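[1] What would the 3D arrangement of this be:
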Amino acid sequence: MQEGGFAPAADRGAELVASGVDAITQSWRELCRWDPLLPPESTPPIASAVVAAIAAALARPQPLGWGADPEVEKVVEVFATAVGSIDLAIGQLVCLREALRRYLDGALSAEDELQVNARVHMLIDRAIGTAAGRTAERLRDEAIVDALTGLPNRRALERDVRREMARSERYGHRFALVVVEALDLARVNECDGYAAGDELLRRLAGALSDVLRTEDCAYRLAGNDFAVLLPETAGSAAAAADALAERVRACGPPEFGCGSSCFPTDGDTLEQLLARAKGRPTRA
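    Numbers count the residues shown, from 1 in each chain. You can find the predicted model right below:
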């Protein structure tokens, strides 16, 4: 017996929920559809799987300090990804709580119902936490990733350059910034269409990613511009850019040009470093 006699009540609750997955799922969908705080006709994804995971978790109660049930957590991560927004995921899970309460109402003794509902509340609260965390993580990722190429974007570069500047100032390490420009993008867009231009950018992004050292990182800035951050560059920025260009060229990417700058020699802000690198173009 676990948690002061909770196990028998948990077993009965788990059996009830497991046998009523379809009914609970239908009730959940109805509650979501009519909830004024949710969009019209809101429907929870993988609803049956979520309810089944709750039923299984009731059969293996664990102390509050143990954290979320791992199987519920896995299913809710998929649920949250499918829903897409934090407010919608939380609203739908609140409706699930109510669907479970209605289903269990009167089906157990008063004492057992209190215990099972307490466990249900805990499971739903932790499911809400999982959904919110997963959705927030996805939104953070989307905020710093270029959708076309999959590379980190300008915002990510700003974050990483701030970090490297702090490391440089503390430890005296230099770093180089290389700006890479896809030279034929305008012509390809005009002659072959924007889909071909997008493919050109993806090819160059792939070539950059393929030749980087573990500590290096490539970024899509905007238009036909990319940047590569080379931490702890021992030699000159120009030499580092030349070596990078040679490795990229070996991949057979679209024609590109590049220029380089070095912190702190060529500037102490990202804007200064980018401007200096763009002012030193070389055709590769």
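[2] use CA for all of it now, contacts and neighbours both
    Fine.
[3] In whatever helix or strand residue 163 lives in, which of the residues would be classed as buried?
    Assessed by DSSP states H and E, residue 163 sits inside helix 154-171. In terms of neighbour count (16 or more other CA atoms under 10 Å), helix 154-171 has its buried residues at 154, 156-157, 161, 164-165, 167-168.
[4] Find the helix or strand that the nearest residue in space to residue 24 that is not next to it in sequence is a member of.
    Excluding the flanking residues, the one nearest residue 24 by CA to CA, 6 or more residues apart in numbering is residue 99, at 6.0 Å. Assigned by DSSP H and E, residue 99 falls within helix 86-104.
[5] who does that helix touch, helix- and strand-wise?
    Identification of packing neighbours for helix 86-104 by 3 or more CA pairs under 8 Å, 6 or more residues apart in numbering; DSSP states H and E yields helix 6-19, helix 21-34, helix 70-83, helix 110-143.
[6] Contact partners for residue 208?
    Under the criterion of CA atoms under 8 Å, 6 or more residues apart in numbering, the contact partners of residue 208 comprise 218, 248.
[7] can you do 10 Å?
    The contact partners of residue 208, taken as CA atoms under 10 Å, 6 or more residues apart in numbering, are 151, 180, 202, 217-219, 226-228, 244-245, 247-249, 251, 253.
[8] Sitting in strands, which of these do you find?
    180, 217-219, 226-228 (DSSP state E).
[9] Pull out the buried members of the contacts of residue 208.
    A residue is treated as buried here by neighbour count (16+ other CA under 10 Å); on that basis the buried members of the contacts of residue 208 are 151, 180, 202, 217-219, 226-228, 244-245, 247-249, 253.
[10] so residue 96 sits right up against residue 124, yeah?
    Yes. Under the criterion of CA atoms under 10 Å, residue 96 lies in contact with residue 124, with a separation of 8.0 Å.
[11] List the contacts of the residue at the greatest distance from the centre of the chain.
    Checked against the mean C-alpha position of the chain, the extreme residue using CA atoms, centre = their mean is residue 109, at a distance of 43.8 Å. Contacts for residue 109 (CA under 10 Å, 6+ apart) come out as 9, 115.
[12] Listing request: residues of the stretch 151-284 of the chain with sub-threshold pLDDT.
    Flagging of the stretch 151-284 of the chain using pLDDT under 70 yields the residue ranges 234, 280-284.
[13] can you give me the helices for it?
    Along the stretch 151-284 of the chain, counting by DSSP state H, counting those that start in this stretch, helices occupy 154-171, 185-192, 194-211, 237-249, 270-278.
[14] Tabulate those in TSV, adding columns for distance to residue 263.
    Formatted as TSV, the entries for those read as follows, by distance: least, CA to CA, whole Å:
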stretch	distance to residue 263
helix 154-171	8
helix 185-192	29
helix 194-211	21
helix 237-249	9
helix 270-278	7
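[15] what's the domain layout of the chain?
    Per the record, the chain has its domains at 6-143, 154-283, by automatic domain parsing.
[16] how much distance is there from the last one to the middle of the chain?
    The gap between the average C-alpha position of domain 154-283 and the chain average comes to 24 Å, counting by CA atoms, centre = their mean, to the nearest Å.
[17] Number the chain from 800, please
    Got it, first residue is 800 now, which makes that one domain 953-1082.
[18] Closest to residue 844 out of the ones in strands among the contacts of residue 1007?
    For residue 844, the nearest member of the ones in strands among the contacts of residue 1007 is residue 1018. The distance, counting by CA to CA, is 34.2 Å.
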